[in-house]
Each structure stands twice: as structure tokens, then as C-alpha cells.
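Chemist: A predicted structure for the sequence below; I have some questions about it.
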Amino acid sequence: MVPPQHPLPPLDALALSKLCVHETTPTDGSGKRKVDGSYADTRLGKALTPRWANERFRQVMMLVREFRAEWPNQSLLSNDDVEFIRMAIDTALAMAEREEHTSDIYDLNPTTWSIWLVQHTIATRAGGLWTAESSQQQQKLSFEGLYRWLDVQHARGEARNLYDSSTKQRLHQYKLPFKANMVIPPPKKELFKWRKGARRLSSWMETGGLVPISTGIIEQQPPALVAAPPLQSRREHARAAMWSRVAARGANIRRMTNAYEDSEDARLTREVVRSVMAESRGAVSAQQEAGASSSAPADEDSDDEMVRELEEAMMMQGSPDPPERPPDDSDALARLLEGVRRIEEVEGN
């Protein structure tokens, strides 16, 4: 005899430690049947709610934190990358709220979003080019490579802790919100869902003033294999300087409509995001202290000058805004990101 099924408490009543991929209402909305024959809860066809947006924000940030803090030597993402990803998630969800998005199968799950955003950030930081310089890097940055790495992290079953950025006290403990048992790469008959989901995420970010996701990432392709360009060291230093400016401009943007509400859900999201970002920034401080005695590159001054020239050129593009119109962070960020794309062109002249 099958024991009676007891419903779980509402998501609002769950601690963060319960926020894994097995929540009461699946974020990818399956509509499958339970053991007792009844249909599982689904979000399909329902309007986007602040609760879902906050949950998606939190879970993606938890997964991004894994790529930032647990990757060997913290070599995959920089703090500037995490700042950019935080801004991209916030922007995308804000645009989804603005257009009163209705849930469907293309929403996919936080694991998919986190990998796309990591890939997008790496490509944007490199001037919008979805490329790799070795077969090893190509495999590592592919969706399958990043997914398999998360799978290993998840299989360890280790608890993760989030700390208050000021008191250093532990706020929450959680298990990695990883979507296990996904078929990677997706079957050809399912590929359209992934492409449409990535294209819509890209559209939300672009509507909010950010650069769109590379076509190769949307098509679920690994980065194209190319040879390392000449003058790479100087180019990377200049690009990093520009990227830091992009991250700094977006560090404090918070656009979701319920960002400053006093609801438990909104407070939880703020705590998670602040904790992840504080840890990321703390890693930078530790690295700077460890390398305080190292000397700066000989071409640092010339690179900084090139970055300043790029920024000035970007500000001269297009018609100026009317004096009475306040500065638009979206426009400024779009100009800065376009500058990242133009570094390759400027270096070649």
C-alpha cells in the first residue's frame, strides 16, 4: 500500500536550505504525474510572479557563486564577471516583469541560465567573440563541459554557507540548486526549446540596454577554435580595464519591481545576492594583498590611455541627450560594452 502523500509547505515558508531543484513547484514547469496519479504542479501558462523572479535570481546567483569560488584557482570568473552576471540577471528579470511574461517551457531552469550567462560573460569580456584558443579550453567552456563540472560539485553533497557581509555571521546553509539528470547535449528534437529560451533571455537583456548573447551560444555550440591573436597581453590588459568600468557601472543597479519591498522573499534575495557579491569581492582583496609586491606591467600607462580614448569616443557617438533628461544607466552600459567590442578593431589599426 502506497503511504499517503503529504504536501510540502509553501515555498515562502521554506528555509534557504530547502531551495534546491526539488522545490514544490518546478521552475521548468513539467506537468508530469505524481506517484498518486495526480498532475504535478506547473507554472506553464501562469503570469510571472515576484516569487518566481526572486527564486530564479537567488538560484542562478548560487550557481554562479560556484563557478566563481570553487573553480580551481578561481580562474574561470573574475569579480568583474560576477558583477556583470548579477546585473544581467537583474536586467533580464526586470524586463520579463515589465512585459508581463507568461511562463512556458522555454523558461527552462536556473542551471541552464547560469551556464548561458557564464558563457555570455566570457564572450562579452573577449569583445563579443565566442572563441577558444585550444581544444582543452573549447571543451571546458562548452555547455557540456560547464554542466559536467557542476554535476561533480553537486554529487559531493556538500552544504554551502552564505554569510552576512558586515557581521560575518552565517545567514543560510543550502545545497547546490543544480538540475541533475539533464540530457547533455540536448537531443535534436529538444534543441529548439534551448535555442528559443536562450534567444528570449538574450532579448530581455538587450531590451534592458545590455549586449545580446552570442549566436554561437544561442545555437548551443562550443566556442569556435581560433589561434591566439598578436599583442594578446596588451589587448587583455586594456580589455580588463574596460571591463572593470563596465562592472563598476552596473554594480549597484537593481531593477526588479519588488527589489526594495519588505517581503520575506525580497529580503531573502537581497541577502543572497549581497552575500555572493561580498564573497566575490573579498576574493579580489585577498588576491591583491597576496600580490601587493608585484610590479605593474610596463605598458600599463599606455593601455589606460587607450581605454580613456575609447570611452571618450563612445561618449561622442550618436545624438546627445536633451539637457533635462537624467543619465540613463542602460545607455551608458551599452556604450561601455560596445567599447569592449571595439578594442579588437582599435588594436588592429
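Modeler: Nice, I can see it.
Chemist: Least confident secondary structure element in this protein?
Modeler: The weakest-scoring helix or strand in the chain, judged by mean pLDDT, DSSP states H and E, is helix 300-316 (a mean of 46).
Chemist: close enough to count as contact, Leu117 and Ala88?
Modeler: Yes - at 5.8 Å, Leu117 and Ala88 qualify as touching, with contact defined as CB atoms under 8 Å. All C-beta atoms are positioned from the backbone trio N, CA, C, and that covers glycine.
Chemist: And the helices in the chain, which stretches?
Modeler: For the chain, the helices defined by DSSP state H occupy 50-69, 79-98, 110-125, 135-141, 143-155, 191-207, 215-218, 232-250, 264-290, 300-316, 329-348.
Chemist: Confidence-wise, which of the ones you listed is weakest overall?
Modeler: Mean pLDDT per stretch puts helix 300-316 lowest among the helices of the chain, at a mean of 46.
Chemist: burial count for Lys193?
Modeler: 17 (other CB atoms under 10 Å).
Chemist: Distance of it relative to Gln220?
Modeler: Here Lys193 is placed at a distance of 10 Å from Gln220 (CB to CB, to the nearest Å).
Chemist: For burial, what's the neighbour tally of the spatially closest residue to Ala47 that is not a sequence neighbour?
Modeler: Excluding its sequence neighbours, the residue lying closest to Ala47 (CB to CB, 6 or more residues apart in numbering) is Thr102, at 5.8 Å. Neighbourhood size, Thr102 [other CB under 10 Å]: 13.
Chemist: Thr102 contacts Arg43, correct?
Modeler: No - checked against CB under 8 Å, the pair Thr102 and Arg43 is beyond contact range at 9.3 Å.
Chemist: I'd like the distance between Thr49 and Glu97.
Modeler: To Glu97, Thr49 is 9 Å away according to CB to CB.
Chemist: These two: who's more crowded?
Modeler: For Thr49 and Glu97, the more surrounded residue by other CB under 10 Å is Glu97, and the numbers stand at 19 against 14.
Chemist: could you list every residue that touches that one?
Modeler: Neighbour list for Glu97: 48, 50, 53, 256-257 [criterion: CB atoms under 8 Å, 6 or more residues apart in numbering].
Chemist: Throw the residues you listed into TSV and include neighbour count and distance to Arg270, thanks.
Modeler: Putting the contacts of Glu97 into TSV (neighbours: other CB atoms under 10 Å; distance: CB to CB, whole Å) gives the following:
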residue	neighbour count	distance to Arg270
Leu48	18	19
Pro50	18	13
Ala53	24	13
Met256	22	10
Thr257	13	14
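Chemist: Can you tell me which of those residues comes closest to Phe84?
Modeler: Lowest distance from Phe84 to the contacts of Glu97 (CB to CB) belongs to Met256, with 17.0 Å.
Chemist: Distance of Leu171 relative to Ala283?
Modeler: Counting by CB to CB, the gap between Leu171 and Ala283 amounts to 18 Å.
Chemist: about what we covered before: overlap of the contact sets of Lys193 and Gln220?
Modeler: Contact criterion CB under 8 Å, 6+ apart; residues shared by Lys193 and Gln220: Pro186.
Chemist: And the pLDDT for the closest residue to Ser214 other than its chain neighbours?
Modeler: Nearest residue to Ser214 in three dimensions, chain neighbours excluded: Trp130, at 4.1 Å (CB to CB, 6+ apart). The per-residue pLDDT reported for Trp130 equals 93.
Chemist: cool, Asn349 as well?
Modeler: Per-residue pLDDT puts Asn349 at 50.
Chemist: Ok, Asn161 next?
Modeler: For Asn161, pLDDT reads 86.
Chemist: same thing with Pro187?
Modeler: 92.
Chemist: tell me the contacts of it?
Modeler: Contacts of Pro187 by CB under 8 Å, 6+ apart: none found.
Chemist: ok, now how distant is it from Thr121?
Modeler: Going from Pro187 to Thr121 by CB to CB gives 27 Å.
Chemist: Quick check: Ser135 touching Ala224?
Modeler: No - using CB under 8 Å, Ser135 is not in contact with Ala224, being 11.7 Å away.
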